Structure formats: C-alpha cells, structure tokens
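Participant: Sequence first, predicted model second:
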Amino acid sequence: MYPTQNDRLTLLRAVESARNGIVLTDPSLEDNPIIYANPAFIELTGYDMDEIIGKNCRFLQGEDRQQENIASIKDAIAKGESITTIIRNYKKNGGLFYNELTISPVYDDKGVLVNFIGVQNDVTARMELEKRISDFYSMISHELRTPVSSINASLLALEDGSVTKLSSPGAKLVKIALSNCKRLIGLINNILDWKKLQAGKFKLQLQPWPAEEIIDTVIQEITPVCILRKIKLEKSVESTAHVVMDPERITEVLLNLISNAIKFSPDGTTISIKLKCNNDKKTRVEYSVHDQGCGIASENLDKLFLQFQQLDSSEKRSKGGTGLGLAISKAIVDLHHGRIGVKSKLNEGSTFWFTLPELDYADIIRPHQD
Ligand SMILES: Cc1cc2nc3c(=O)[nH]c(=O)nc-3n(C[C@H](O)[C@H](O)[C@H](O)COP(=O)(O)O)c2cc1C
C-alpha cells in the first residue's frame, strides 16, 4: 500500500516532533552523506542545518576516532545491517555526549538499499551515573574492604595471643573490635555480592550436598549470639536428602534468615529451624525459620525481598544492615530455581522459608537458563 500525500505529511510531522535525533543518509551518494536531520538532532548537536546536510555523520566524532565500535558501525553499514551502539560524540561547542546510536538500512519495494536512518539518543546522564556507581563499588572494594580485612587480620593475631599476651580487659576489647569488624566485612561483602548479582556475574558452585549439614553449620556459627541473648535454637529435620546446591551460598541464605530472626526476637524466646523433604521435585527440600518476634504487617510482606528495604522503624523492624540481605537471599534462591517467602502476622512471629528443587547432575555443568 502506497501512503497518500497526507500520510507522508503525518509521518514527517511525527519525525519532526520526535525527541530523539533522527537523520537520513543516502548511500548512493559519495561518502553516504546526511540528506535530512530532524530538529532534535539540531538541538542535540548544536549545529545549524546547513552545516550538516551533505556531510557524513562521522564529523560528530571530532578527533576521538580511536573507538572500537566505529569499525563495527562501518562493517554493519557495508553489509546493509542494523546496529545499536554507544559512541562518544561532540557537540558544535566541543561538549562530549554519549550517543546511543541505532542505524538501520531502508530498502525500497524491490529490495534495493535506498537510505540509512540513524536515531540518536543522548545517554550522557545515564553513563555518568553508571560511572559514579562503578567508582562507588571500586571504592568499597579497595578503599574499604582492603583496610578492614587488614584490621581484622591484626585483631585475630592479637586474639590468639601469638603477638603478645593480653590482659583480660584487653582481650575483651579485642573481642568487641573483632565482632564489629566481622559485621563490617559482612556488610561490605553484601554490597559487593549485590553488584555481582545485578551484573549477572554471580556464579554458583553447584554440587550434591547433605541438606541437613547447612543447618548444623549455621547453628554452630550463630550459637554464641544466641547464648548472649538467651535465645533457644530448636532444630527439626524430616529429611536427610542430598541436594545439588552451592553449599556456601545456601549457608549464607539460612544464616541471613536466622540472623534476622535473632534480631527481631525478644530475649529468652525460641527460634525453630525446620528441614522438610517434599515429593515434588520442584520443591524437593524446604528450609524454614520461625521466630516469636513482633511479626510483620501484611502490607509490608511483599516489600521484604526488594533491594534496600528496611521496614518502618515504628514497627521496630529496622535494625541496621544494608537492606540487601533478603534481596541477596532471594537472588541466590532464584539462581537455584527455588522459591523463598514469608508467613507472618503482627505480634504472632514470622516464618521465613525457602525451597530448593532437585537439580539434575547436568545442571552442575550447565546451569538452568529459564
Ligand atoms: C544513518 C547514519 C547515522 C549515523 N549517525 C552517527 C552519529 O550520530 N554519530 C557518529 O559518530 N556516527 C554516526 N554514523 C556513523 C558514521 O557516519 C560512519 O559510518 C562511521 O564513523 C564509520 O565509518 P568511518 O570509519 O568511515 O568513519 C552514522 C551513520 C549512518 C549511516
């Protein structure tokens, strides 16, 4: 169907109103020059129309020609293919902008290449934000984690008495410093893990593992805090199954759930940790942690597993941390193709649970992709 003159005008008006830069080039002319540019392109680059018509778009690169994607753009154009990439460009006043550029070939009815259309999107603000975020993470990793690890190592050496014999008050102080250091390392690791998860760079080390052993490891780690708080840990195991999992990461998930339960439990109460084995392969084992704390209002249950969530302190549920613990736990369980959730009512305690499916041995080598 051929568009009418009216249709053409409507199309042109739409292109002229677009907020993205749009240019049309003619590959039948020497050096594929611009034959049309919309007002948004003029506004973005700062050039006048007569300064750009008849020129190849590469003038926007100025002297900055050592960019890897320029060759890919050239290649796509030579093959008559589409390409989307982000390239450094410069306005007429010399100002740098990051141009998220999509170039597509335009073919006529007979399949002859007649034009290229280029759509320019200024993503400078996004790129600058990404750079600031990446600088922040590298600061956490180098300027925070490295010195904290070294403080931790020194304190450990003081604690084991290999450097010098400490007085009893001295030993007490070192113990306090060590426990705070451990907390700080936990927070730093949370932030760096979250970054890896977001970037899809978090790899599981899957292997068959006795499901019960995870509980024992966590109980061993958490018992000293429970003694201080007079909290009783109750374990009930209904299954001795081996499940394919990343044991270190699943330990982290359970540790997170139990640590939260301890934070929100009154002294002298009981926390029950259960392991159930289901017939359903998709939910083969189920871990649950029940506390006798203040519970969570139903309207807040959905928010719990979102990043940086800490519930309102009026509910007395904000107790420090990064607000990433449950989000990381959910991401780890998701990577295992399991499920995680919570049942709770105000003043009736909470039960956090997660399930793990029965993964095949093939999954150890080639993790699930859905
Ligand atoms: C329709 C179209 C739009 C283009 N828009 C831009 C642009 O906004 N910025 C840019 O740096 N290059 C743009 N290019 C790419 C350059 O014109 C050129 O093809 C690229 O620099 C690779 O070729 P060269 O190595 O000969 O310079 C565009 C190309 C086409 C066909």
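Facilitator: Arrived safely, thanks for sending.

Participant: Quick check: Met139 vs Lys196, distance?
Facilitator: 16 Å (CB to CB, to the nearest Å). (C-beta placed from N, C-alpha, C; glycine too.)

Participant: Would you mind identifying the next helix or strand past the longest strand seen in the chain?
Facilitator: Counting residues, the longest strand found in the chain (DSSP state E) is strand 96-107. Per DSSP states H and E, the first helix or strand lying C-terminal to strand 96-107 is strand 113-122.

Participant: I would like the residues contacting the very next helix or strand once past that next one, please.
Facilitator: With elements assigned by DSSP H and E, the helix or strand that comes after strand 113-122 is helix 124-138. With contact meaning CB atoms under 8 Å, 6 or more residues apart in numbering, helix 124-138 is reached by 86, 96-98, 191-192, 195.

Participant: in the next helix or strand along the chain from helix 124-138, what counts as buried?
Facilitator: Going down the chain from helix 124-138, the next helix or strand is helix 146-159, by DSSP H and E. Using 16 or more other CB atoms under 10 Å as the test for burial, helix 146-159 gives 148, 152, 155, 158.

Participant: Which parts of the chain are strands?
Facilitator: Using DSSP E, strands in the chain cover 21-25, 34-37, 83-90, 96-107, 113-122, 207-210, 232-237, 242-245, 270-277, 285-290, 339-344, 350-356.

Participant: Direction included, what does the first one pair up with?
Facilitator: Yep, that's strand 21-25 we're talking about. strand 34-37 (antiparallel), strand 113-122 (antiparallel) (DSSP bridges).

Participant: Of all those, which one is nearest the ligand?
Facilitator: strand 113-122 (2.4 Å; CB to the nearest ligand atom).

Participant: Would you mind extracting the C-alpha trace of the closest one into PDB?
Facilitator: Extracted C-alpha coordinates of strand 113-122, given in PDB (Å, rounded to 0.1, in the frame of the first residue of the first chain):
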ATOM      1  CA  LEU A 113      19.100  -0.200  -0.400                       C
ATOM      2  CA  VAL A 114      18.000   3.400  -0.700                       C
ATOM      3  CA  ASN A 115      18.800   5.100   2.700                       C
ATOM      4  CA  PHE A 116      20.100   4.600   6.200                       C
ATOM      5  CA  ILE A 117      18.200   6.000   9.100                       C
ATOM      6  CA  GLY A 118      20.100   6.900  12.300                       C
ATOM      7  CA  VAL A 119      18.400   7.500  15.600                       C
ATOM      8  CA  GLN A 120      20.500   9.400  18.300                       C
ATOM      9  CA  ASN A 121      19.700   9.200  22.000                       C
ATOM     10  CA  ASP A 122      21.800  11.300  24.400                       C
END
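
Participant: how distant is that strand from the center of its chain?
Facilitator: 32 Å (CA atoms, centre = their mean, to the nearest Å).

Participant: could you point out the longest helix in the protein?
Facilitator: helix 168-198 (DSSP state H).

Participant: OK, contacts around the nearest residue to Glu238 once chain neighbours are set aside?
Facilitator: Once flanking residues are discounted, Glu238 sits nearest to Lys276: 4.9 Å by CB to CB, 6 or more residues apart in numbering. By CB under 8 Å, 6+ apart, the residues touching Lys276 are 238-239, 285-286, 288.

Participant: Which one of those sits in the busiest neighbourhood?
Facilitator: Counting neighbours by other CB atoms under 10 Å, Val285 leads the contacts of Lys276 with 24 neighbours.

Participant: what's across from that residue in the sheet?
Facilitator: Cys277, Leu356.

Participant: pLDDT value on it, please?
Facilitator: Confidence at Val285, expressed as pLDDT, is 94.

Participant: So for this structure, the centremost residue is which one?
Facilitator: Compute the mean C-alpha point of the chain, and by CA atoms, centre = their mean the closest residue is Gln198, 1.7 Å away.

Participant: how about that residue, what does it touch?
Facilitator: Per CB under 8 Å, 6+ apart, neighbours of Gln198: none.

Participant: try it again with 10 Å
Facilitator: 133, 137, 307, 331 (CB atoms under 10 Å, 6 or more residues apart in numbering).

Participant: Pull up the gap between it and Lys274, please.
Facilitator: With CB to CB as the criterion, Gln198 and Lys274 are 32 Å apart.

Participant: right, so of the strands of the chain, which gets closest to Val218?
Facilitator: strand 270-277 (7.8 Å; CB to CB).

Participant: so how far is the closest one off the chain centroid?
Facilitator: 30 Å.

Participant: Tell me how far the one residue in the stretch 151-300 of the chain that gets nearest to the ligand lies from Gly323.
Facilitator: In the stretch 151-300 of the chain, the residue found nearest to the ligand is Ala199; the distance is 27.1 Å by CB to the nearest ligand atom. Counting by CB to CB, the gap from Ala199 to Gly323 is 19 Å.

Participant: Show me this protein divided up by domain.
Facilitator: 5-122, 127-198, 207-365 (automatic domain parsing).
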